[in-house]
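Peer 1: I need the structure of the sequence given here:
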Amino acid sequence: MFARYTIVPALCMAIWLASCSWLSAQHVLKPSDSLHKKRVWIVGGTWTALYGTALIGLNAAWYADFERGPFQFYDDSREWLQMDKAGHLFTNYFEAKWTADALKWAGVKQRKAVLIGTATGLVFQTTLETLDGFSAEWGFSPADMAANAGGALLFLSQELLWNEQRVQVKFSTSPTIASNYSSYCNCDINARQRDLYGASVPEQILKNYNHQTYWLSVNMHSFFLESNIPPWLNVAFGYGAQGMLGGYENEWFDNGKLISATDVNRVRQFYISPDIDLTKIKTNKPLLKTLFSVLNIVKVPMPALMLNSRNQITFYPLFF
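Peer 2: Next up is the predicted model:
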């Protein structure tokens with residue numbers, strides 16, 4: 001179930017980048033000062049098409065492969081060391097933010113755009129969770145919905161309190177095709193990783209929780225306006241995990257045989273690192289502003305300090 005939720009933000013980003021390219025060609029990236037009905041229809045039509053396409057595509061590519069049943073709940077709160085929950089928060093945060101930004105471009109007033117953007121993200125994710133509820137293999141996950149709501153509320157609360165995003169959600173990854181855990185058991189763990197996460201670099205980026213980090217990037221200048229802190233300089237707090245060869249534990253069946261890799265430690269990782277808020281870089285070019293806003297989804301590679309759940313501390317001169 002984890003892979004599907006990493007594909008959704010990637011799909012949104014791809015469509016958003018394509019939209020930005022088209023808009024750049026039309027020289028209309030600058031937000032409208034008043035309600036622009038044609039732009040409202042463009043935004044509404046784009047997101048309606050995205051919503052419908054995503055549901056149809058997921059139904060054909062995902063739900064069609066699993067047996068349906070009566071609606072049920074499913075507790076997956078301990079799965080994947082909560083990395084999938086971080087992914088839910090990340091996804092809903094940007095669904096809300098990008099929808100609100102698009103509506104502001106169409107001239108919708110700030111408060112209304114923010115409320116509609118927040119509601120749009122929640123509706124989309126709630127629909128997916130409801131579809132999960134009719135799957136015989138799993139069900140509606142309250143933990144997933146809590147993470148979805150957390151991402152939406154993180155965006156909404158900052159807009160209502162400060163009219164800006166002082167704390168932003170970001171993502172980074174260091175894709176590796178395979179990690180060498182083979183010394184831990186008499187089995188091909190690299191094959192297990194390929195089965196779980198795929199073999200190509202794009203699959204690793206989207207699916208492999210062992211190489212993903214989710215960040216809360218805090219703009220310090222916005223909290224200390226009288227300071228000499230550069231407006232673009234952030235401090236980011238990250239969460240990641242490694243050693244996961246299954247949702248709950250490192251055991252699985254291969255051709256009916258139980259494979260155990262319990263000596264591979266499932267480890268939580270906590271990071272602190274400087275970051276750059278690209279949206280704070282001053283420019284009068286609408287295209288650059290839009291690109292900075294889109295690219296700000298990614299944590300800028302910088303030095304980082306990591307503390308893991310085994311009380312090990314590691315310094316990275318450059319962490320991706």
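
Peer 1: The protein - how does it break down into domains?
Peer 2: 1-165, 166-320 (automatic domain parsing).

Peer 1: any chance of those in CSV, plus mean pLDDT and mean neighbour count?
Peer 2: C-beta coordinates here come from the backbone N, C-alpha and C atoms, glycine included. Below are the domains of the chain laid out as CSV (pLDDT from 0 to 100; neighbours: other Cβ atoms under 10 Å):
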stretch, mean pLDDT, mean neighbour count
domain 1-165, 82, 17
domain 166-320, 88, 16
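
Peer 1: which outside residues touch stretch 301-317?
Peer 2: Here stretch 301-317 makes contact (Cβ atoms under 8 Å, 6 or more residues apart in numbering) with 172, 238, 265, 267-276, 318-320.

Peer 1: Go again with 7 Å.
Peer 2: 265, 267-275, 318-320 (Cβ atoms under 7 Å, 6 or more residues apart in numbering).

Peer 1: Specify which member of those is nearest to residue 259.
Peer 2: When the contacts of stretch 301-317 are ranked by distance to residue 259 (Cβ to Cβ), residue 265 comes first, at 16.8 Å.

Peer 1: ok, which stretches of the stretch 101-250 of the chain are strands?
Peer 2: 167-173, 212-219, 233-242 (DSSP state E, counting those that start in this stretch).

Peer 1: Redo the ones you listed as a markdown table? Include distance to residue 227.
Peer 2: Below are the strands of the stretch 101-250 of the chain laid out as a markdown table (distance: least, Cβ to Cβ, whole Å):
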| stretch | distance to residue 227 |
| --- | --- |
| strand 167-173 | 17 |
| strand 212-219 | 12 |
| strand 233-242 | 10 |
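
Peer 1: Out of the ones you listed, which gets nearest to residue 260?
Peer 2: Among those, strand 233-242 sits nearest to residue 260 (Cβ to Cβ), with 18.3 Å.

Peer 1: That closest one packs against which elements?
Peer 2: Judged by 3 or more Cβ pairs under 7 Å, 6 or more residues apart in numbering; DSSP states H and E, the packing partners of strand 233-242 are strand 212-219, helix 220-223, strand 267-276.

Peer 1: Show me the residue at the heart of the protein, geometrically.
Peer 2: residue 90 (3.5 Å; Cα atoms, centre = their mean).

Peer 1: Spatially, what comes nearest to that one if we skip its sequence neighbours?
Peer 2: Among residues not flanking residue 90 along the chain, residue 169 sits closest, at 5.1 Å (Cβ to Cβ, 6 or more residues apart in numbering).

Peer 1: ok so, going back, does the residue nearest to the centre of the chain really touch residue 214, like I thought?
Peer 2: Yes: if you go by Cβ atoms under 7 Å, residue 90 and residue 214 touch, sitting 5.6 Å apart.

Peer 1: which neighbours do the two share?
Peer 2: 169, 171.

Peer 1: how about residue 109, what does it touch?
Peer 2: Contacts of residue 109 (Cβ under 7 Å, 6+ apart): none.

Peer 1: Give the phi and psi angles for it, as a check.
Peer 2: phi -60, psi 150 (degrees, to the nearest 10).

Peer 1: packing partners for the helix or strand that contains the residue nearest to the centre of the chain?
Peer 2: Assigned by DSSP states H and E, residue 90 belongs to helix 83-105. For helix 83-105, the elements it packs on are helix 2-26, helix 37-61, helix 110-133, helix 142-162, strand 167-173, strand 212-219, judged by 3+ Cβ pairs under 7 Å, 6+ apart.

Peer 1: residues touching the closest residue to residue 174 other than its chain neighbours, list them.
Peer 2: Excluding its sequence neighbours, the residue lying closest to residue 174 (Cβ to Cβ, 6+ apart) is residue 320, at 4.6 Å. If you count contacts by Cβ under 7 Å, 6+ apart, residue 320 has them with 172, 173, 174, 301.

Peer 1: Which single one of these is nearest to residue 221?
Peer 2: residue 301 (21.2 Å).
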